[in-house]
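Colleague: test case, fold it:
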Amino acid sequence: MIHHRKKSILYVDDTVEQRYAMRRILETEGYSVLEAGSGREALEMVAKSPALAVVDVRLPDIDGYDLTRKIKERAPFLPILQVSASFSDPHLRASGLSGGANAYIAQPVHPSELIALVRRMLQTVEAEESLRFLAGVGPQLSASLSLSVASESICNAITPYFSDRCILLLTAFPGSEGQFWSSELKRDDPSRQILLEHAEANAVTLVNSRFLIASLFVGKQSFGAIAFLLNSEREYTDSDRILAADLASRAALALQNCMLLAKEQATRTALIQAEKLATAGRMAAAIAHEVNNPLEALTNLVYLLERSPEATPSIREIAASALGEITRVAHITRQTLGFYRELRTPAALNLSQSVAETLDLYRKRLSDRSLSFEMDLADDVMIRGIKGEIQQVISNLLVNAFEAMESGGVIALRTRASDGKAILTISDDGPGINATLLPKIFEAFYTTKQATGTGLGLWITRNIVEKHGGAISVSSSTSPQNRGTKFTLEFPLQSSFDGASSNQNPSGASESVRQRPGNSGT
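Modeller: A predicted model of the protein is given here:
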């Protein structure tokens, strides 16, 4: 068991000479002695939590038997050794034991007999304390199914009885990246490296007299390790390995329960998400089916308008743009229904041109809200993809930007080629997105627009970008000095492209493509 450098023993005797002799015997064996010359003094000394009390039954103010009963009322688990010259009488011995004494010894006391009896009584008490500790520690270890709370419960249950400080290292836990430490340790802390070395050892190691490590295993599965540390007043012995192994096993089972719950919750969340997506798919298909027929009619009407001899060049240009957008919507509805197979394979397209063309569709809406834009679009930033889908991505991000902004804001669009990537950034100086919400904004059905949002826009945007081999990221600040949101899209740069795509000079777009900051428009 854990060795206390100086366990205190309360010795109660009204004779000064006897107290001196007893103190010399006990101090020689490494114990500290609390002396009391009366029953009243002894009751006051109990508050100092001695490990054992040695009580002479003949005291001037309180009978030793009565004193024993009073001590037990205040400290039920304090072992008491009664001393008397009259213990040759079996009735007196029985009276002492029935009154709460744990053992007795007759005077004159032989030092070796006294020390042997004191050691045995302390060992018995320590064993009883261990049993009480283990009986109570189980419920505490399994009190929570949250990783952070469970690790805190484990350490709280172990301290201060078995350790003055507890450190948990988990090397494998569902939903957590890397290692989990219950207490932060500096990288140069020796305890950190020792824990890492023992995480896979499946053993209990007594590093030194105040440092004990046990691996966390359930069967053949390793979770990490747990460290028990003592202060300078106590020391571990080899026998403490058994209790450390038991505690580590109980802690591992509690952590396994956390893991099982985490996996179950992840599975349940995935099933709920899949059902949501399936429901959304069915609804989208139904809506697309109903929308598809009027779209066909609308396409024909706009086509006739564009071809009408009475249409002015300006009307024909607007009709041509409208026809292109209607065609894109029809393409989306066919995809949703699942009846449309893309007739065109992905082709080389000019990302800067797509940005400029998409922005042209929103100039009027930007102007109505007194919003301005800045463009810095590099020439010939070529990617391979489906133009309608890329423009849908740009459109989604533009709409999100000006819906989040107040009047007078600025939206900046920039393209460039770097390290084999085509990079598009769309930024605004709007109110920004709270840092706690950023990890969720690409999740399906998550929206901050309350009743006006579906929560699918950014989810669809990310899927389209990833479908084209790209990646999308977001940064945002709500600081009044530097607020705003910036989306960054990266696509593989298309270094070789067909002549038709490369030689296109988009009508009405080339001037916009060459704009730089300082030439903003509304």
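Colleague: can you check the pLDDT for the spatially closest residue to residue 326 that is not a sequence neighbour?
Modeller: For residue 326, ignoring the flanking residues on the chain, the nearest one in space by CB to CB, 6 or more residues apart in numbering is residue 299 at 5.2 Å. For glycine as for every other residue, the C-beta is placed from the backbone atoms N, C-alpha and C. In the prediction, the pLDDT value recorded for residue 299 is 82.
Colleague: Three-state assignment for residue 299, please.
Modeller: Under DSSP: H, G, I helix; E, B strand; the rest coil, residue 299 falls in the helix class.
Colleague: any idea how far residue 324 is from it?
Modeller: Taking CB to CB, to the nearest Å as the criterion, residue 299 is separated from residue 324 by 11 Å.
Colleague: ok, now residue 199?
Modeller: Per CB to CB, residue 199 is found 60 Å from residue 324.
Colleague: who has more neighbours out of these two?
Modeller: residue 199 (21 against 16; other CB atoms under 10 Å).
Colleague: would you agree the more buried one is in contact with residue 167?
Modeller: No. Applying CB atoms under 8 Å, one finds residue 199 not in contact with residue 167, separated by 11.8 Å.
Colleague: what is the burial count for residue 434?
Modeller: Neighbour tally, residue 434, other CB under 10 Å: 10.
Colleague: surely it is in a helix?
Modeller: No. Under three-state DSSP, residue 434 sits outside any helix and is assigned coil.
Colleague: residues near the closest residue to residue 238 other than its chain neighbours, how many?
Modeller: Distances taken as CB to CB, 6+ apart place residue 206 nearest to residue 238, at 6.6 Å, with adjacent residues excluded. Around residue 206 there are 16 other residues, counting by other CB under 10 Å.
Colleague: next one: the one 5 residues further on
Modeller: Using other CB under 10 Å, the number of residues around residue 211 comes to 18.
Colleague: all strands of the stretch 101-250 of the chain, in order?
Modeller: Taking DSSP state E, counting those that start in this stretch as the criterion, the stretch 101-250 of the chain carries its strands at 103-106, 165-170, 180-181, 204-208, 211-218, 221-229, 234-235.
Colleague: okay if I get those as JSON lines plus mean pLDDT and distance to residue 426?
Modeller: JSON lines is the format used below for the strands of the stretch 101-250 of the chain (pLDDT from 0 to 100; distance: least, CB to CB, whole Å):
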{"stretch": "strand 103-106", "mean pLDDT": "82", "distance to residue 426": "83"}
{"stretch": "strand 165-170", "mean pLDDT": "81", "distance to residue 426": "40"}
{"stretch": "strand 180-181", "mean pLDDT": "72", "distance to residue 426": "37"}
{"stretch": "strand 204-208", "mean pLDDT": "82", "distance to residue 426": "56"}
{"stretch": "strand 211-218", "mean pLDDT": "80", "distance to residue 426": "47"}
{"stretch": "strand 221-229", "mean pLDDT": "80", "distance to residue 426": "43"}
{"stretch": "strand 234-235", "mean pLDDT": "80", "distance to residue 426": "62"}
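Colleague: closest one to residue 361 among those strands?
Modeller: In this view, those are compared for proximity to residue 361 by CB to CB, and strand 180-181 is the closest at 49.2 Å.
Colleague: pairing partners for that closest one, with directions?
Modeller: Neighbouring strands of strand 180-181 in its sheet, by DSSP bridges, are strand 165-170 (antiparallel).
Colleague: isn't the residue nearest to residue 238 up against residue 212?
Modeller: Yes. Counting by CB under 8 Å, residue 206 touches residue 212, with 5.6 Å between them.
Colleague: between the two, what contacts are shared?
Modeller: Residues touching both residue 206 and residue 212 by CB atoms under 8 Å, 6 or more residues apart in numbering: 236, 240-241.
Colleague: just put the residues you listed in CSV and tack on neighbour count, distance to residue 79 and pLDDT.
Modeller: Output for the shared contacts of residue 206 and residue 212, formatted as CSV (neighbours: other CB atoms under 10 Å; distance: CB to CB, whole Å; pLDDT from 0 to 100):
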residue, neighbour count, distance to residue 79, pLDDT
236, 24, 23, 84
240, 21, 21, 81
241, 16, 25, 82
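Colleague: closest to residue 68 out of those?
Modeller: Nearest to residue 68 among the shared contacts of residue 206 and residue 212, with distances taken as CB to CB, is residue 240, at 31.5 Å.
Colleague: how many other residues sit next to the residue nearest to residue 326?
Modeller: For residue 299, using other CB under 10 Å, the count is 16.
Colleague: what sits against it?
Modeller: By CB under 8 Å, 6+ apart, the residues touching residue 299 are 323, 326-327, 330.
Colleague: that one and residue 305, how far apart?
Modeller: Distance, residue 299 to residue 305, by CB to CB: 11 Å.
Colleague: not counting its neighbours along the chain, what's nearest residue 349?
Modeller: Of all residues not flanking residue 349 in the chain, residue 387 sits nearest, at 5.0 Å (CB to CB, 6+ apart).
Colleague: now the helix or strand where residue 22 lies, how far from the centre of its chain.
Modeller: In the assignment (DSSP states H and E), residue 22 maps to helix 16-28. Helix 16-28 has its C-alpha centroid displaced from the chain centroid by 57 Å (CA atoms, centre = their mean, to the nearest Å).
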